[in-house]
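In: Sequence and predicted structure are below.
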Amino acid sequence: VLHPRSSSIMSVTVATRKLLRNALLGRRQMIVDVTHPNQAPVAKAELVKQIAKMFKVKEEVVVTFGFKTKFGGGKSTGFALIYDSKEELMKFEPRYRLIRAGLGEKKKRGRKQFKDLKKKLRTTWGTGRREAARKARKAAAA
């Protein structure tokens, strides 16, 4: 018997629990339980497809993260977010998760620029530290 919010592919079962509607951030958030007996953990791309199919949404508005496999294998648990639109996803999702999902661009900073910024932060203290970091970033951007 499958859970009402579960889906099964090749003896892999995907079920959601603690479904919560977050109107302020324009998303649904949930815990995802994946049962994969005698198999390796399921790829995130596959999970995104399954969750999108279960909730009848586009794959581009589904974000999964934080998956941990239980000791001994066979079960993984993580989080999933389903945004109402791509605009809300771009607005509220952290930059590093956008980069992982292929929706954002990673900042390319040279090694020398990074070292200069680090040195500047180390040598200044207090409120001056914030100002120095701001000036260093402006100089690196120019």
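Out: Sure, I can see it.
In: Longest helix in the chain, please.
Out: Longest among the helix segments of the chain by residue count, using DSSP state H, is helix 127-141.
In: now that helix: mean pLDDT?
Out: On average, the pLDDT along helix 127-141 is 81.
In: What helices and strands are in contact with it?
Out: If contacts are counted by 3 or more C-beta pairs under 8 Å, 6 or more residues apart in numbering; DSSP states H and E, helix 127-141 sits against helix 111-123. For glycine as for every other residue, the C-beta is placed from the backbone atoms N, C-alpha and C.
In: what does the helix it packs on rub up against?
Out: 129, 132-133, 135-137, 140 (C-beta atoms under 8 Å, 6 or more residues apart in numbering).
In: Could you do stretch 20-31 as well?
Out: 16-19, 55, 77-85, 88-89, 92.
In: Centre of the chain to it, how far?
Out: Chain-centre distance of stretch 20-31: 14 Å, with C-alpha atoms, centre = their mean, to the nearest Å.
In: Show me which positions of it end up buried.
Out: 25-30 (16 or more other C-beta atoms under 10 Å).
In: the strands in this structure, which residues?
Out: 6-9, 12-22, 27-35, 62-69, 75-83 (DSSP state E).
In: okay if I get these as CSV plus mean pLDDT and distance to residue 98?
Out: Formatted as CSV, these follow (pLDDT from 0 to 100; distance: least, C-beta to C-beta, whole Å):
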stretch, mean pLDDT, distance to residue 98
strand 6-9, 57, 26
strand 12-22, 92, 18
strand 27-35, 94, 14
strand 62-69, 94, 9
strand 75-83, 95, 12
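In: Go through these and name the closest to residue 97.
Out: Closest approach to residue 97 among the strands of the chain (C-beta to C-beta): strand 62-69, 6.1 Å.
In: Bridged to the residue lying closest to residue 57 once chain neighbours are set aside, which residues?
Out: Once flanking residues are discounted, residue 57 sits nearest to residue 82: 5.7 Å by C-beta to C-beta, 6 or more residues apart in numbering. Per DSSP bridges, the residues bridged to residue 82 are residue 28, residue 62.
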